[in-house]
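Trainee: everything below, folded, please.
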Amino acid sequence: MAKRRLILPLIGLLLVPLAIAGLLIWSLGKPEDRLKDVKAAVVNNDEPVEVNGQLTPLGRQLSAKLVGGEIESNYSWEFATPQTAADGLADGSYAAVVTIPENFSAAATSFSGDPAQAKKATIDVSTGGRSKFADEAISRVVTNTAADLLGRQLTTTYLDNVFVGFNTLGDKLGEASDGATSLADGAQQLAGGTDQLAGGADQLADGSRALADGIGALEGGAQQLKTGMGGLADGIGQLKEQTAQLPGQVGQLADVSAQEAQGVQQLSGGLQGMSESLAEMSKECPPGTLPICNKIAIQAATAKALGDGAGQLQQASTGVSGGLAALAGKTPESGGGLVALSGGIDQLHDGAQQLDGGVGQLADGISQTGGGAGQLADGADQLAQGVRGLSDGAHQLGDGTGQLSSGLDQAVDQLPSYPDGDRDKLAKTVANPITTAEGSSLGFGSSGIALYSVLALWVGAIATFLVLRAVPRRALESTRSSFSLALRQFRLPAVVGLAQGLLVAVVVGIAQDLSVGGWFGCAGLAMLTAVAFTAVNQALAGALRGTGRFLAMLVAVVLLATGFITAVPSALNSVLAALPVGPAQDALRAVVDGSAPGGGTVVLLVIWGLAGLVVTYLAVERGRTVRATRLTGFTARTAEA
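Mentor: The predicted structure is shown next:
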């Protein structure tokens with residue numbers, strides 16, 4: 001019956017670490033596998049914006065990444081209104097609520113505008129009073145992952161545009177290089193043309209000076225012409241005055257000549273009549289007969305000759321009269337005669353005066369032209385100098401554009417060019433240049449497994465000495481040595497500890513899918529740890545009794561306090577390193593990770609186990625030492641019995 005009553009507690013002692021390690025590993029080993037059963041809400045208050053004419057609803061995209069299950073280890077996300085989300089947090093329906101503000105899209109795309117206006121987009125993650133302590137951290141990890149994906153997408157797009165800009169820049173620089181080459185060729189041609197232009201400008205300057213000298217000489221001739229034209233105008237004026245009365249005088253002369261012609265005509269008629277009369281008389285008195293007859297004949301001949309002469313005179317007089325009449329302008333065929341001549345002289349006088357004025361203006365104009373020609377010569381000199389400077393500048397421009405073309409060619413050669421596929425891959429790589437080899441887990445990984453296992457073995461050791469005695473009941477009456485009694489009392493707890501370590505190793509091997517070799521290493525270390533913990537807890541319970549059990553409980557609390565986060569007081573980490581659970585946790589973590597535990601941690605566990613046995617021996621030895629008063633009472637009880 002006594003053995004049967006002992007079997008049930010021993011089975012319970014085996015189940016204690018098994019239950020602790022199994023429950024902790026089952027519930028906390030891979031919490032991401034059960035996150036789908038946890039609900040969270042997304043409240044999207046974002047107002048989409050337009051970027052380059054395209055609608056950009058980044059709040060909607062972030063919500064889709066959360067709700068759509070794009071992120072591994074995600075909650076079961078739902079869209080909610082602000083009121084629904086608040087009610088869900090209050091009653092525990094939602095473990096977390098992500099609120100996307102109105103300016104999310106505007107802030108997230110602000111880097112594409114004015115750099116001074118660029119700012120980061122923020123989102124709010126809230127957990128309710130009923131959420132667990134890790135829910136907020138998990139929510140922030142998940143939300144930050146979604147925001148990181150969206151930010152990576154924006155960065156990828158931005159970098160893709162940058163790489164496209166490199167391609168465009170390369171193309172444009174190539175075009176600029178071709179243009180610079182053409183410009184250099186044109187500049188060289190310009191330089192040659194400006195050289196010719198400089199020579200022409202020099203010739204223009206020489207010609208302008210010769211022109212100025214010629215115009216100076218022309219100006220002197222123009223002045224002489226002006227003087228001569230003045231004299232001509234004056235002479236024609238005098239001729240006008242002198243010939244002004246000539247038409248009248250010629251008219252009078254024509255009248256007198258006409259009268260003389262009539263008189264000569266009458267004289268010619270009278271001489272003709274006298275000649276005829278004398279001729280008749282001569283016929284009646286033949287010549288030679290009488291002297292008078294001869295005289296008459298002579299007078300008749302003379303009269304005839306005079307008549308003929310008078311006729312000729314009459315004709316001449318008539319011609320003179322007609323000529324004078326024509327000269328006076330009295331006949332139609334005369335064309336105005338001296339009257340027309342006088343009018344012509346008047347017009348000639350007016351023309352001479354006008355010509356005199358024009359010659360004066362010509363002289364003045366030539367004088368002004370002479371000054372302008374001098375200025376033209378000076379300007380031509382300046383033009384020649386400027387053109388020579390232009391020619392030098394054109395040569396420099398040709399050299400500079402040639403260097404520019406060469407530099408642009410070098411820039412085009414050195415500027416990278418990205419094809420579409422390479423550009424997309426490079427943009428994604430630059431947007432997220434560093435990543436982990438494996439995906440991150442929301443569980444505690446190997447650290448969690450080691451923590452749960454060590455805690456289970458330590459609590460199992462505490463429970464062992466809540467069921468079993470730490471020191472023998474009748475150590476005082478026994479004849480065995482204290483060391484033998486201590487070892488005898490440690491034997492059953494050690495066997496229980498070995499069984500506890502083996503069971504914990506089975507749970508760890510299943511949870512971590514350890515290899516055969518890895519499981520054997522884990523089992524050996526777990527059994528060694530369990531035996532060491534059993535020895536230490538036996539020493540605490542045997543030497544300090546209730547105080548020792550309280551200290552053992554504090555060790556479990558320290559293990560929990562330092563096992564979930566690194567950010568604990570350094571003194572607490574130092575205490576953990578000094579306790580047996582510290583090296584045990586380090587060694588088991590190394591085995592779970594697939595590496596060999598450090599020799600120092602194994603030695604420390606052995607030292608803690610031996611130290612526990614020594615303390616247990618001292619506790620047994622102390623229990624076998626009694627005071628005289630206690631011995632007297634013991635003797636009396638023995639006698640009565």
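Trainee: need the pLDDT of residue 112.
Mentor: Per-residue pLDDT puts residue 112 at 64.
Trainee: now do residue 528
Mentor: We note a pLDDT of 94 for residue 528 in this prediction.
Trainee: residue 97 falls within a strand, correct?
Mentor: Yes - under DSSP: H, G, I helix; E, B strand; the rest coil, residue 97 sits within a strand.
Trainee: can you name the element that comes right after the helix-or-strand element of the chain with minimal mean pLDDT?
Mentor: Among the helices and strands of the chain, helix 420-431 carries the lowest confidence by mean pLDDT, DSSP states H and E, at a mean of 53. Using DSSP states H and E, the helix or strand that follows helix 420-431 in sequence is helix 445-467.
Trainee: list the buried residues in that following helix.
Mentor: If you call a residue buried by 16 or more other C-beta atoms under 10 Å, then helix 445-467 has these buried ones: 445-465. (Glycine included, C-beta is placed from N, CA and C.)
Trainee: and it, C-alpha only, in CSV?
Mentor: Extracted as CSV, the C-alpha positions of helix 445-467 are listed here (Å, rounded to 0.1, in the frame of the first residue of the first chain):
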residue,chain,number,x,y,z
GLY,A,445,12.3,30.7,-31.2
SER,A,446,15.1,28.7,-29.6
SER,A,447,15.2,31.1,-26.7
GLY,A,448,11.6,30.4,-25.9
ILE,A,449,12.1,26.6,-26.1
ALA,A,450,15.1,26.8,-23.8
LEU,A,451,13.2,29.1,-21.4
TYR,A,452,10.2,26.8,-21.3
SER,A,453,12.3,23.7,-20.8
VAL,A,454,14.5,25.1,-18.0
LEU,A,455,11.4,26.6,-16.3
ALA,A,456,9.6,23.2,-16.5
LEU,A,457,12.6,21.3,-15.1
TRP,A,458,13.1,23.8,-12.3
VAL,A,459,9.5,23.8,-11.3
GLY,A,460,9.5,20.0,-11.5
ALA,A,461,12.4,19.9,-9.1
ILE,A,462,10.5,22.2,-6.7
ALA,A,463,7.5,20.0,-6.9
THR,A,464,9.6,16.9,-6.3
PHE,A,465,10.5,18.1,-2.9
LEU,A,466,6.9,19.1,-2.1
VAL,A,467,6.1,15.4,-2.5
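Trainee: so what does it touch, helix or strand wise?
Mentor: Judged by 3 or more C-beta pairs under 8 Å, 6 or more residues apart in numbering; DSSP states H and E, helix 445-467 is in contact with helix 2-28, helix 482-512, helix 516-544, helix 546-563, helix 581-592.
Trainee: so the shortest one versus helix 482-512, what angle?
Mentor: Between the axis of helix 581-592 and that of helix 482-512 there is an angle of 40 degrees, by axes from the mean of the first three to the mean of the last three C-alpha atoms, to 10 degrees.
Trainee: mean confidence for helix 581-592?
Mentor: The model assigns helix 581-592 a mean pLDDT of 89.
Trainee: so how far is residue 88 from residue 256?
Mentor: Noted for residue 256: a distance of 152 Å to residue 88, by C-beta to C-beta, to the nearest Å.
Trainee: which one of the two is surrounded by more residues?
Mentor: For residue 256 and residue 88, the more surrounded residue by other C-beta atoms under 10 Å is residue 88, and the numbers stand at 20 against 12.
Trainee: OK, contacts around the more buried one?
Mentor: Residues near residue 88 by C-beta atoms under 8 Å, 6 or more residues apart in numbering: 39, 41, 80, 94, 97, 128.
Trainee: please repeat the previous calculation with a cut-off of 7 Å.
Mentor: Residue 88 is in contact with 41, 80, 94, counting by C-beta atoms under 7 Å, 6 or more residues apart in numbering.
Trainee: would TSV of these with distance to residue 580 be doable?
Mentor: TSV is the format used below for the contacts of residue 88 (distance: C-beta to C-beta, whole Å):
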residue	distance to residue 580
41	46
80	50
94	43
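Trainee: which of the residues you listed fall in strands?
Mentor: Among those, DSSP state E puts residue 41 in strands.
Trainee: on that earlier part again, comparing the helices and strands packed on helix 445-467 by mean pLDDT, which bottoms out?
Mentor: helix 2-28 (a mean of 60).
Trainee: confidence-wise, which of the contacts of residue 88 comes last?
Mentor: Within the contacts of residue 88, lowest confidence goes to residue 94 (83).
Trainee: that residue touches residue 40, doesn't it?
Mentor: Yes - under the criterion of C-beta atoms under 7 Å, residue 94 makes contact with residue 40 at 5.6 Å.
Trainee: can you map out the strands along the stretch 51-200 of the chain?
Mentor: Secondary structure of the stretch 51-200 of the chain by DSSP state E, counting those that start in this stretch: the strands cover 54-56, 76-79, 96-100, 124-126.
Trainee: quick one: mean pLDDT over the third one.
Mentor: Taken as a whole, strand 96-100 has a mean pLDDT of 86.
Trainee: residue 597: how many residues sit nearby?
Mentor: For residue 597, using other C-beta under 10 Å, the count is 22.
Trainee: residue 554: what's it in contact with?
Mentor: Contacts of residue 554 (C-beta under 7 Å, 6+ apart): none.
Trainee: please read the previous query as pertaining to residue 197.
Mentor: residue 387.
Trainee: show the pLDDT at it.
Mentor: Value for residue 197, per-residue pLDDT: 75.
Trainee: and what of residue 31?
Mentor: At residue 31, pLDDT is 56.
Trainee: would you list the helices and strands packed on helix 445-467 in TSV and tack on distance to residue 616?
Mentor: Shown next, in TSV, are the helices and strands packed on helix 445-467 (distance: least, C-beta to C-beta, whole Å):
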stretch	distance to residue 616
helix 2-28	18
helix 482-512	5
helix 516-544	5
helix 546-563	11
helix 581-592	19
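Trainee: and this structure, what are its domains?
Mentor: If you go by automatic domain parsing, the domain ranges for the chain are 2-17+444-640, 33-132.
Trainee: closest one to residue 396 among the ones you listed?
Mentor: Of all those, domain 33-132 sits nearest to residue 396, with 38.0 Å by C-beta to C-beta.
Trainee: which single one of the contacts of residue 88 is nearest to residue 47?
Mentor: So of the contacts of residue 88, ranked by how close each gets to residue 47 (C-beta to C-beta), first place is residue 80, at 18.1 Å.
Trainee: hang on, the closest one packs against residue 41?
Mentor: Yes - assessed by C-beta under 7 Å, residue 80 is found in contact with residue 41 at 3.8 Å.
Trainee: now residue 498: how far from residue 561?
Mentor: Counting by C-beta to C-beta - residue 498 and residue 561 are separated by 29 Å.
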